[in-house]
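J.: How does the following fold in three dimensions:
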Amino acid sequence: MDKRIAWNKGRLVGQKVPLKLQEIWSIRTRLEIANNIRELAMFNLGIYSKLRACDLVALKVADIMRSGDILARTSIVQHKTGTHVQFEITPLTRKTVKAWIDNKSLKYVDFLFPSRMQKGHAYNDTELFSNGA
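T.: Next up is the predicted model:
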């Protein structure tokens, strides 16, 4: 009988090790040097809010902004669990997100991180693979 090798033999599976503080600062510094406002805002908001990617890309400007100011704390309903989640937005994150919104002249009804492929749609993870990356 043919003996099969497990697909995950020798591979790391399961939960990944969290980023170290030094790695976070390194990524942030590279994004700042590259003047990549969108990714910097997305990275900061993702790291500090601890939202799942599907919840992060579904955020609208109105979810985190009132009267032209980024909120210090807000809440959303998670897609996966349907539960309300409250999170803080740090001053550094507020600054980068505000810069992103101003740079793109986003309105309250717009997605915070709109798709680069389809106007008016949320970011879609298939965009990552569309250019052969």
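J.: With residue 7 as the reference, measure out to the residue lying closest to residue 51 once chain neighbours are set aside.
T.: Nearest in space to residue 51, with sequence neighbours left out and distances taken as Cβ to Cβ, 6 or more residues apart in numbering, is residue 87 at 6.8 Å. No exception for glycine: its C-beta is placed from N, CA and C like everyone else's. Going from residue 87 to residue 7 by Cβ to Cβ, to the nearest Å gives 36 Å.
J.: which of these two has more neighbours?
T.: Shown here are residue 87 and residue 7; by other Cβ atoms under 10 Å, residue 87 has more neighbours (15 against 7).
J.: Report the contact partners of the more buried one.
T.: For residue 87, the contact set (Cβ atoms under 8 Å, 6 or more residues apart in numbering) comprises 48-51, 73-75.
J.: That one is in what secondary structure piece?
T.: If you go by DSSP states H and E, residue 87 is part of strand 84-88.
J.: just how off-centre is the next helix or strand after that strand within its chain?
T.: Past strand 84-88, further along toward the C-terminus, the next helix or strand under DSSP H and E is helix 91-104. For helix 91-104, the distance between its averaged C-alpha position and the chain's averaged C-alpha position is 13 Å (Cα atoms, centre = their mean, to the nearest Å).
J.: got the contact list for helix 91-104?
T.: Residues outside helix 91-104 that contact it (Cβ under 8 Å, 6+ apart) are 37-38, 40-41, 44-45, 48-49, 61, 64-65, 70, 72, 89, 106, 112, 114.
J.: where do the strands sit along this structure?
T.: Secondary structure of the chain by DSSP state E: the strands cover 65-66, 69-70, 73-77, 84-88.
J.: So for residue 57, which of these sits nearest?
T.: Comparing these by their distance to residue 57 (Cβ to Cβ), the top pick is strand 73-77, with 11.9 Å.
J.: packing partners for the closest one?
T.: Under the contact criterion of 3 or more Cβ pairs under 8 Å, 6 or more residues apart in numbering; DSSP states H and E, the helices and strands touching strand 73-77 comprise helix 61-64, strand 84-88.
J.: What's the mean pLDDT across the shortest one?
T.: For helix 61-64, the per-residue pLDDT values average out at 94.
J.: That one packs against which elements?
T.: Identification of packing neighbours for helix 61-64 by 3+ Cβ pairs under 8 Å, 6+ apart yields strand 73-77.
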